[in-house]
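**Q** just the structure for this:
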Amino acid sequence: MKYDVIVVGGRVAGSVSSLFASKNDINVLMIEKRQEIGTPVQCAGATSYKTFETLEMKPSKKYVRSEVYGADLYSPDGSSATLRGPVAEGLILERKIFDKELAIKSAKAGTDIMLKTNVKDLLIKDKKVKGVIAKHLGKTMEITADLVIAADGLESQIAKKSGLNTTARPFEICSCAQYEMVGLDINPNYLKFYFGEKIAPGGYVWIFPKGDRVANVGIGIRSLKQSAYYYLNKFIVNLNAKPVELNIGGVPVSGPIEKTFTDGLLVVGDAARQVDPITGGGIHIASACGKIAGEVAAEAIQKEDTSSDFLVRYEKLWKEKVGKSLKRSLKYRNALDNMDDDDLNNLISFAQGKDVGSLSKLSMIKLAKDYPQLVKILKDLL
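**A** Here you go, the predicted model:
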């Protein structure tokens, strides 16, 4: 088999890359290792309205479970602050349906899709990626292509096999566990976040409402003391709700890998660590970077140039689009890493009643004045 572009991975980054390459009349194959796109669920489902501007599509009732108008933050001592404003607004998606809908749109645009297929290796000729070696239902095959897009997630083997450095240190990966729960009596339009060393060391607990008293209740931690599953079960003891689904996985919070391209290959989404380091959110970023990857791939095929010299364009463009915000979030995450529970109590107390979008350097200075113990941490942000 021969294709212009092979995309490895069928979730958001892979489907979006495939979609925008196919929209440019490129012959695309998307390979997914699972038998169904969208399962198991790999994130809590929160995203911004900008995601749909990027995708050039309108949100659909088929997969939008709830609209978000704000967020309640709970400090270790139990006090809370409510954040409102554009930064705190968005949507909760049913990922099983949303991910498959993206794949369907990609297929309608012309993408071929192979399910239950594992990519075992890359085809490399003259130090340039020229396709993949894949195994489908016991049959091993070579599929050639002028360009491969690695969208195979956090544990990406494709980028590594191409020679790119994808090594992550243990504390750069957030260990996560999430229940979908029924019976929660909460505001369907507000997210909830809980912080504290005893609740979620190195991370936070989230409750993302999906309407009709259903919510995703999850946790992300960076700790060697106990598992995310342990802390999640500890948290839900006092919730008057019943779990109907459990998902466990990891989220990269290190910021992007050093290089996201090489001869004949692009890396996108979790595989490239294109995830917000402070929230762990990745749908909007994967959509933005996936669109760029698909369009650059199409242009490379049309110009018959899949060399690094041309594909560096992909990295320049995605960094222009989301690079500054990822760097800023990594800076914030590093600052939070240096905060103890008392610092978090003070920070959330200070945030009470404020629009998160209006917090400026002047606000930070006032915070430092009111809580001088935070000065050393906040100076890095200023």
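
**Q** separation between residue 246 and residue 26?
**A** Residue 246 sits at a distance of 39 Å from residue 26 (criterion: CB to CB, to the nearest Å). C-beta here means a position set from N, CA and C on the backbone, and glycine is covered the same way.

**Q** of those two, who's got more company?
**A** residue 26 (25 against 14; other CB atoms under 10 Å).

**Q** enumerate every residue touching the closest residue to residue 271 other than its chain neighbours.
**A** Of all residues not flanking residue 271 in the chain, residue 156 sits nearest, at 3.5 Å (CB to CB, 6 or more residues apart in numbering). Taking CB atoms under 8 Å, 6 or more residues apart in numbering as the contact definition, residue 156 lies against 150, 166, 267, 270-271.

**Q** could you do residue 268 as well?
**A** Counting by CB under 8 Å, 6+ apart, residue 268 makes contact with 13-14, 17, 149-151, 260, 274, 286, 289-290, 293.

**Q** and the furthest pair within those residues?
**A** Spanning the widest gap among the contacts of residue 268 are 14 and 260, at 14.6 Å by CB to CB.

**Q** can you pick out the residue with more neighbours from the two?
**A** Shown here are residue 14 and residue 260; by other CB under 10 Å, residue 14 has more neighbours (34 against 26).

**Q** the more buried one belongs to a helix, doesn't it?
**A** Yes. Per DSSP: H, G, I helix; E, B strand; the rest coil, residue 14 lies within a helix segment.

**Q** surely it touches residue 150?
**A** No. Residue 14 is beyond contact range of residue 150, at 9.1 Å (criterion: CB atoms under 8 Å).

**Q** which residues are common contacts for these two?
**A** Common neighbours of residue 14 and residue 150 (CB under 8 Å, 6+ apart) are 8, 268.

**Q** need the pLDDT of residue 213.
**A** Looking at residue 213, its pLDDT reads 96.

**Q** that one: how many residues sit nearby?
**A** Neighbour count of residue 213, defined by other CB under 10 Å: 14.

**Q** and it, what does it touch?
**A** By CB under 8 Å, 6+ apart, the neighbours of residue 213 are 182-186, 241.

**Q** just the buried ones from these?
**A** Among these, those that count as buried by neighbour count (16 or more other CB atoms under 10 Å) are 184, 186, 241.

**Q** could you dump those into a markdown table with pLDDT added?
**A** What follows is these, written out as a markdown table (pLDDT from 0 to 100):
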| residue | pLDDT |
| --- | --- |
| 184 | 95 |
| 186 | 93 |
| 241 | 96 |
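
**Q** which one of those residues is nearest residue 319?
**A** Distance to residue 319 across these (CB to CB) is lowest for residue 186, with 38.0 Å.

**Q** distance check, the closest one against residue 295.
**A** As judged by CB to CB, residue 186 and residue 295 stand 40 Å apart.

**Q** and if you look at residue 26?
**A** 10 Å.

**Q** now swap in residue 5 and tell me
**A** Going from residue 5 to residue 295 by CB to CB gives 11 Å.

**Q** what is in contact with those two at once?
**A** Taking CB under 8 Å, 6+ apart as the contact rule, residue 5 and residue 295 both touch residue 21.
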